[in-house]
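Enquirer: Fold the following, please.
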Amino acid sequence: MLPLALAAGIAIASPAHAETEKGWKAGDVVLKLGAAGVLFDSSADVEIAGTPVPGGNVKVSNDVTPSGEISYFFSPAISAAVNFGIPPKATVDGKGTLTAAGELGRVRYGLGAVTLRYHLNDQGTVSPFIGGGVGRLFSFSEDDGSVLDLEVDSAWGPVIQGGVDVHLTPKFGLYANVSYSPIETDAKGIIFGAPAAADVKLNPTIVQGGVSYRF
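Expert: A predicted model of the protein is given here:
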């Protein structure tokens, strides 16, 4: 009777432990959905007709867009994540000696990243993480402003990232993270009747937050 009683006790206790366990484990797949704020620290080196424009600069507007990520845990402390979002449209304005040019154009873009993360306190309710990887600026379409035939290239750049996960239940949680990428791209078009080109440093900081679900 004693072995039977022990077996029954284990069978009852195991589901209860599984229901209350909130820490990460190897093989976890986590879907996160929320919003992202994209904050650009933009600047540019501009040439018109092959001549540098002294003091010529650009300003790229900030955006807020729905975003998400999918991550996979190789171990409780190590995971890889792919970030994605709905492409917003940024306004590019002239700045400095190009202020008079006004709105240069608009760009529909996306920012994606693949990162490897290390999770601290991986068995706790609150689990911070740090990570890094590679990001991609996708330039999907351009609308002309004072620059005609505007073209903006897609580009790669490194990404550093930090954030935190909060386990509300074994399945559901909250998350927040901040990423930075020193990424730059090339743009070209026609302004004031002359060909123009720019090396644009975007340097976006991306702040994300929302809810998570563990499969």
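
Enquirer: For the one helix or strand Ile70 maps to, report the contacting residues that lie outside it.
Expert: Secondary structure assignment for Ile70, by DSSP states H and E: strand 63-73. Applying CB atoms under 8 Å, 6 or more residues apart in numbering, the external contacts of strand 63-73 come out as 24-38, 79-90, 117, 208, 210. C-beta: built from backbone N, CA, C; applies to glycine.

Enquirer: got it, and stretch 116-128?
Expert: By CB under 8 Å, 6+ apart, stretch 116-128 touches 22-24, 71, 76-81, 129-133, 161-167.

Enquirer: Kindly recompute the last result at 10 Å.
Expert: By CB atoms under 10 Å, 6 or more residues apart in numbering, the residues outside stretch 116-128 that reach it are 21-25, 71, 73-81, 129-134, 161-168, 173-175, 177.

Enquirer: From those residues, which land in strands?
Expert: Counted as lying in strands by DSSP state E, out of those, are 71, 73, 78-81, 129-134, 161-167, 173-175, 177.

Enquirer: picking up where we left off before, same question for the strand holding Ile70, mean pLDDT?
Expert: For strand 63-73, the mean per-residue pLDDT is 97.

Enquirer: buried stuff in it?
Expert: Of the residues in strand 63-73, those buried by neighbour count under the rule 16 or more other CB atoms under 10 Å are 63, 65, 67-69, 71, 73.

Enquirer: Tell me the one among these nearest to Gly193.
Expert: For the buried residues of strand 63-73, the closest approach to Gly193 (CB to CB) belongs to Asp63, at 31.1 Å.
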